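Asks: Here's my sequence, what's the structure:
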Amino acid sequence: MTTIAPIAARRPLDAARPPAPSSGGRPGLAATLFVGVVVLVCVAILLLTGQPVVAAAPVLLIGAAVLFWKAPVRHTLVLLMGVYLVVSIPPKALPGQNEPGQGWKSPVYPLYSLLSDNLSKVTHIEALRFSGMELFYLMFLGLILVRVVTGNRVDAAGRQPGARAMYVSLAIAFFGVLWLEVWGIARGGDFRQSLWQFRNLMWLPVLVGVFGYCMRDVRDFRLVAVMMTVAAWLKIMLGLHYMMFVAWPNGQTPESMTGHEDSVLYVAVLIIWFATWMHHPTWRTFVKTMVTTSLVLTGLVINNRRIAFVSLLAGLFLAVLMLKGPLKRRIVRTFTYMLPVICLYLLAGRNRSTGIFKPASLVMSVSQQKDASSKTRDIENYNLIQTLKPNKLLGTGWGHEYNEVSRAYDISMWFAQYRYIAHNSILWLISIGGIVGFTLIWLPVSVTIFLASRSYRFARTPYDQTVAASVITVMVTYVVQAWGDMGTQGLGSSLIVAAAMAASAKLAHATGAWPAHLRLFGAPRVGRTLTPRQAADAMTQTP
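Replies: Numbers count the residues shown, from 1 in each chain. Alright, predicted model coming up:
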């Protein structure tokens, strides 16, 4: 008979096990050897080139790779967004330099060229006909796929879904871009030029999907707002350096301080902070808003883009229009009292473009349209309308130039491809896609504004109202920029718009503006699914 020892006399289970192998064995040796090899490579590069920055490149690249692999996608995506918004300053022409690419280049221009230009220019490999930003987009998609397959929940933990209507509209827009490529090539379009035409429009739905995946809920978009604010500050300081230490000493008054598409960034930051104060009107919030936006407002003025003031006025008007309560009444009353002073200021600054009257001059120039730039845009718009007339329903498709029935100036010496992309992106898209194609591509813009407007009505907190108002004004700024100056072709504005679209989808689901059980196609779900905020409100209600 087998004797069973008392439980108290047994040896502890852990004592019977052999000791676990030390964690500092082979993995530690391999890591040490790897670090040693990297250090030796850096030292060798330093001895051969004598450039510390080049020698530190391997360490920086390895550190960036580890950060990219381990960190949540939302952190690396927002960081990439901020870096691009800061460095995207095109070269500025100086007196006697009229060739493209000549002139002053910002200290961060090499990084801007690496991110925005085709990598074939950097590596001299013709097959790499995509930019550094597009390479990052592919890397994000690959990383998300790996994490989904392996079950890594570093991004998925606590993530709330977004409104299906947004993602359906994005799929339709993506299909519209591909359809116009097939249609344009079938009609004899240039394939290489078509890639240049639609690449930003093709990536926009993908970027919204990445933002929607990595942002857990609408509260994560605080990080986007902070990054945009910091990027605007840094970019304006770079622009001020160019103006004060490069342009003015050379007797030059620059046309713009940084870039044309920066109007979207500056106006978006101003509206976000203004909306924050409107929906949380305390003195503390007012002081923070004034301090935060003072530099951005200065940059908006000296960047000298009249379309930016149109966007700002339109955004402020919509933000106040949506507002409810006593603050709206005070703002409307104050504006009514100040209206005579504003009219006198605009009339006084109509023919003065310096000093405090510069904003008034830019605003009044929008209605006058007497400068050469406005006249050439009118001629270009006329050519786009003439291009549309024979193909009103389906358009010309990608890969085709617009018909230059009337020519203003011959700029082919500086920009040989100017007929493939027009300044007025909306009319240009209508001429390319016709009524059908433009409707498909522009659908996400309409859906975003629709969801944000409903979310504002359903919002229960000032933060939700701020996000909804900010999204609407960002989209309005994007539309104004698209109408006036190639707004659909900017990488920076595409990132901002993608974040706004994803925020609109998340907010619509969180507030119940687009209920989770609602479907665009198929039978609706049985029962009603409450959003997290609705469920919390239901639990706190007293019977």
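Asks: all helices of the stretch 351-500 of the chain, in order?
Replies: Remark: helices assigned in the stretch 351-500 of the chain by DSSP state H, counting those that start in this stretch are 358-368, 372-388, 425-458, 462-484, 491-511.
Asks: out of these, which comes closest to Ala44?
Replies: Nearest of the helices of the stretch 351-500 of the chain to Ala44, taken as C-beta to C-beta: helix 491-511 at 36.0 Å. Using the backbone N, CA and C atoms, a C-beta is placed for each residue, glycine as well.
Asks: ok, Ala247 to Thr376 distance?
Replies: Here the criterion is C-beta to C-beta, to the nearest Å. By it, Ala247 lies 24 Å from Thr376.
Asks: Which of those two has more residues huddled nearby?
Replies: Ala247 (22 against 15; other C-beta atoms under 10 Å).
Asks: Number of residues surrounding the closest residue to the more buried one other than its chain neighbours?
Replies: In this structure, Ala247 finds its nearest non-sequential neighbour in Pro254, 4.7 Å apart by C-beta to C-beta, 6 or more residues apart in numbering. Per other C-beta under 10 Å, the neighbour tally for Pro254 reads 20.
Asks: you'd agree Pro254 is in a strand?
Replies: No: looking at Pro254 with DSSP: H, G, I helix; E, B strand; the rest coil, it is coil, so not inside a strand.
Asks: Format the helices of the stretch 351-500 of the chain as a markdown table; extra columns: mean pLDDT and distance to Lys92.
Replies: Shown next, in a markdown table, are the helices of the stretch 351-500 of the chain (pLDDT from 0 to 100; distance: least, C-beta to C-beta, whole Å):
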| stretch | mean pLDDT | distance to Lys92 |
| --- | --- | --- |
| helix 358-368 | 66 | 19 |
| helix 372-388 | 84 | 18 |
| helix 425-458 | 95 | 24 |
| helix 462-484 | 93 | 20 |
| helix 491-511 | 94 | 17 |
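Asks: Looking at those helices, spot the one closest to Trp203.
Replies: Among the helices of the stretch 351-500 of the chain, if distance is taken as C-beta to C-beta, the winner is helix 491-511, at 6.8 Å.
Asks: ok, and the closest non-adjacent residue to Met81?
Replies: Nearest to Met81 is Leu495, by C-beta to C-beta, 6+ apart, at 4.8 Å.
Asks: where's the one you found relative to Leu80, distance?
Replies: 8 Å.
Asks: With neighbour numbers in mind, choose between the two.
Replies: Leu495 (27 against 20).
Asks: my read: the more buried one touches Ser88, true?
Replies: No: look at Leu495 against Ser88 with C-beta atoms under 8 Å: they stay out of range, at 10.0 Å.
Asks: mind putting the helices of the stretch 351-500 of the chain in JSON lines, distance to Met166 included?
Replies: Output for these, formatted as JSON lines (distance: least, C-beta to C-beta, whole Å):
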{"stretch": "helix 358-368", "distance to Met166": "32"}
{"stretch": "helix 372-388", "distance to Met166": "29"}
{"stretch": "helix 425-458", "distance to Met166": "6"}
{"stretch": "helix 462-484", "distance to Met166": "11"}
{"stretch": "helix 491-511", "distance to Met166": "4"}
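Asks: rewinding a little: backbone dihedrals for the residue nearest to Ala247, please?
Replies: phi -70, psi 150 (degrees, to the nearest 10).
Asks: Same question for Asn118.
Replies: According to degrees, to the nearest 10, Asn118 has phi -60, psi 140.
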